[in-house]
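Asks: I'd like to go over a predicted model; first the sequence, then the structure.
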Amino acid sequence: MDGESAVEVSVVMPCLNEENGVARCIRTIRDVFAREDIRGEIIVADNGSTDRSARIARDEGAHVVFEPLRGYGAAYLCGIRHAAGRYIIIGDSDNTYDFNDIPRFLEHLRQGYDFVIGSRFKGTIHKGAMPWAHRYIGNPVLSGMTRLFFHTRLSDIHCGLRAFSRTAFDAMRLQMVGMEFATEMVVAAINNDLKIHEVPINYFKREGVSKLKSFSDAWRHIRFMLLFCPVWLYFIPGIAGFTSGMLVLLILSGGPVFFLGHLWDMHPMVFAAVLSILSYQLLHLGIYAHTFAVEQGFLKKDAFITFFQRHFNLERGILAGLLLFFIGLCINILIFAEWFHNRFGALYRIRESILAMTLLVIGLQTLFSSFFISLLSLRRKA
């Protein structure tokens, strides 16, 4: 295809029983192409419609492709695979988004941005366009989690009107087939250091029946974010639990403590020991997950993994594990020696025994985890 006839912009829309809105969307896009002299194409990815959506889209001049695997992401991935444009703009086919905004998105792409996303909250949400729970609870909470987990300033990560370059799409390597595709795209753009811009837009009441399932779809987004953010899933609760557990364990190992009007004795110490062990295991799971994700390319190498790789090696892990195990073993040997000296009579060293057993478990965990972490970090020679 020569330079004069090459497609610059591909507009991709998913479609599942959208006969009430798809024609109007296509006409708006065609008008924009003509008015702005844009060399573009319109692709409708039909996701199993049982109404006249596909026929209407084809009659309106769109290129209709079919994706039998149900899912928001599956439809988009299918449509984008068939797109020929240098730039790709995606949006729903239910008239919730105004495709007259295409030139605004395209302007930022031409200026060098890799990924442009709309913001309904910085723009105008028209009456009836978004349920109250989605507007004031669901979307703000999920967008807030994304800002917290992935250090972004985006105000509306679930806005469906987006634009990106072909190069950016290839770099993101998107795979999710469900609603979490929207979150995956934002996270992938951040992790690949793409140049991102947010554009205020209008959001209108949809035409047709909504396909959203509020709770299940929200959980899919949350699940995806947690899987791709081991810091919040593993490290923060692990560090908090291990630090507090060991602190209480060490304090109570010297005897009961009167605190907050109560006597803290043996039962809190047992709880602290269990909390320490479980939290330490959680930390190791986080290291496994983070190391694997970085080595497989799911996450970029961040400050944590850089610090960890700089200071950790198998030998240091073995040494630390053996040291902790040896301390716990020595405490047990001293307890046994006292018991032996008393001719195996009554013995009241429960506090010391709890501390020793905790150190034994943590030491063994450190020792064998070091081998596993080193295995995860191995790389094949090219």
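Replies: Yep, it's here.
Asks: Tell me which stretches of the stretch 151-300 of the chain form helices.
Replies: Applying DSSP state H, counting those that start in this stretch to the stretch 151-300 of the chain gives helices spanning 166-172, 181-191, 214-227, 230, 236-252, 266-296.
Asks: Turn those helices into TSV, columns for mean pLDDT.
Replies: Shown next, in TSV, are the helices of the stretch 151-300 of the chain (pLDDT from 0 to 100):
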stretch	mean pLDDT
helix 166-172	95
helix 181-191	91
helix 214-227	80
helix 230	82
helix 236-252	94
helix 266-296	89
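Asks: Give me whichever of those is most buried.
Replies: Most buried of the helices of the stretch 151-300 of the chain, by mean neighbour count (mean count of other C-beta atoms under 10 Å): helix 230, with a mean of 24. Where you see a C-beta, it was placed from the backbone N, CA and C, and this is true even at glycine.
Asks: all strands of this structure, in order?
Replies: With strands called from DSSP state E, the chain shows them at 9-15, 40-46, 63-66, 87-90, 115-125, 162-165, 196-203, 257-259, 262-264.
Asks: mean pLDDT for the ones you listed: which is lowest?
Replies: Mean pLDDT is lowest for strand 262-264 out of those, coming in at a mean of 79.
Asks: ok, and what's touching that strand?
Replies: For strand 262-264, contacts defined as C-beta atoms under 8 Å, 6 or more residues apart in numbering pick out 248, 252, 256, 257, 258.
Asks: hmm, try it at 7 Å
Replies: 252, 256, 257 (C-beta atoms under 7 Å, 6 or more residues apart in numbering).
Asks: Next: stretch 112-119.
Replies: Residues outside stretch 112-119 that contact it (C-beta under 7 Å, 6+ apart): 105, 108-109, 154-156, 159, 161-165, 168, 189, 194-201.
Asks: Pull that stretch out as CSV, backbone CA atoms only.
Replies: Included here for stretch 112-119 are C-alpha records, laid out as CSV according to Å, rounded to 0.1, in the frame of the first residue of the first chain:
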residue,chain,number,x,y,z
GLY,A,112,4.3,12.1,20.1
TYR,A,113,2.1,10.6,22.8
ASP,A,114,1.9,6.8,22.8
PHE,A,115,-1.4,6.3,24.7
VAL,A,116,-4.3,8.7,25.0
ILE,A,117,-7.2,8.0,27.3
GLY,A,118,-10.4,9.9,27.9
SER,A,119,-11.6,11.0,31.3
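Asks: from the middle of its chain, how far away would it be?
Replies: 19 Å (C-alpha atoms, centre = their mean, to the nearest Å).
Asks: Among the strands of the chain, show me which one is buried the most.
Replies: Of all the strands of the chain, strand 9-15 carries the top mean neighbour count, a mean of 27, counting by mean count of other C-beta under 10 Å.
Asks: Let me know the outermost residue of this protein.
Replies: What lies farthest from the middle of the chain is residue 343; by C-alpha atoms, centre = their mean that is 59.6 Å.
Asks: Now that one, what are its backbone angles?
Replies: Reported as degrees, to the nearest 10, the phi and psi values for residue 343 are phi 60, psi 40.
Asks: now do residue 347
Replies: phi -140, psi 130.
Asks: Residue 97 versus that one, what's the distance?
Replies: Distance, residue 347 to residue 97, using C-beta to C-beta, to the nearest Å: 74 Å.
Asks: Between the two, which has more neighbouring residues?
Replies: The neighbour comparison of residue 347 against residue 97 (other C-beta atoms under 10 Å) goes to residue 97, with 27 against 12.
Asks: and residue 112, how many neighbours?
Replies: A count of neighbours around residue 112, defined by other C-beta under 10 Å, yields 9.
Asks: which residues touch the spatially closest residue to residue 368 that is not a sequence neighbour?
Replies: Counting by C-beta to C-beta, 6 or more residues apart in numbering, residue 368 lies nearest to residue 321, which is 7.6 Å off, once chain neighbours are set aside. With contact taken as C-beta under 7 Å, 6+ apart, residue 321 is in contact with 363, 364, 366, 367, 370.
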